[in-house]
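>>> Have a look; sequence and predicted model below, questions after that.
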Amino acid sequence: MPTPRETILAALHARLSALPATALRGEVLPERVPAEGLLILRDGEPGEPEVTLSPLRYHYQHRAEIEAVVQGADRDAAFDALTVSIGTALAADRTLGGLCDWVEAEAPRPVDLPV
C-alpha cells in the first residue's frame, strides 16, 4: 500500500499528464523536448512536520517542483501558455480529490538552458 505522500504525488503527476505537454516524474532532462513542451515533476522534500496533539497528527507542507521546458522561436509565449495550463489544472481541484488539504502553484522562475 503506497504512503499518503506517494499517493498525492502520483495524483499530481496524473493531473499534469492530462495536459498537452509530456509529463515525466523524477526523470533526467531528455535530449529532445517535445514540440508541445515537457513537464518533469520532482518529488521535493516534505520538510519538518507541524504537530497537533489531540489527536496526535503530523502535518507536512511538502514542496514538489515542476520543471516546465519548452523550445522554439516563440518560447516565451509557449512557456507562458504551459505555466497557465499548470495553474488551471491545479486550480480545478486544489485537494487532488481529497488526498491533501491544498495544492498551490508558486510563480514560475524562468531559466534559459543551453541545449
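Nice, I can see it.

>>> Please report how far Asp76 lies from Pro30.
Counting by CB to CB, to the nearest Å, the separation of Asp76 from Pro30 is 22 Å. Any C-beta I mention is one placed from the backbone N, CA and C, and that applies to glycine too.

>>> Which strands or helices does the worst-scoring helix or strand of the chain on mean pLDDT pack on?
Of all helical and strand segments in the chain, the minimum by mean pLDDT, DSSP states H and E falls on strand 56-59, at a mean of 93. Strand 56-59 sits against strand 50-53, with contacts defined as 3 or more CB pairs under 8 Å, 6 or more residues apart in numbering; DSSP states H and E.

>>> Need the residues that contact the strand it packs on.
For strand 50-53, the surrounding residues in contact (CB atoms under 8 Å, 6 or more residues apart in numbering) are Arg57, Tyr58, His59, Tyr60, Gln61.

>>> swap the cut-off to 6 Å and go again
By CB atoms under 6 Å, 6 or more residues apart in numbering, the residues outside strand 50-53 that reach it are Tyr58, His59.

>>> Repeat that for stretch 24-43.
With contacts defined as CB under 6 Å, 6+ apart, stretch 24-43 is touched by 9, 13, 16, 20-23, 64-71, 82.

>>> Ends of that stretch, what's the gap?
Terminal residues of stretch 24-43 lie 11 Å apart, using CA to CA, to the nearest Å.

>>> List the buried residues in that stretch.
Applying a neighbour-count criterion of 16 or more other CB atoms under 10 Å, one finds Leu24, Arg25, Val33, Gly37, Leu38, Leu39, Ile40, Leu41, Asp43 buried in stretch 24-43.

>>> which one of those is nearest Thr3?
Asp43 (11.7 Å; CB to CB).

>>> Just list whatever residues bridge to the residue nearest to the spatial centre of the chain.
Against the mean C-alpha coordinate of the chain, by CA atoms, centre = their mean, the closest residue is Ile66 at 4.1 Å. Taking DSSP bridges as the rule, Ile66 bridges to Leu41.

>>> quick one: it from His59, how far?
Using CB to CB, Ile66 is found at 22 Å from His59.
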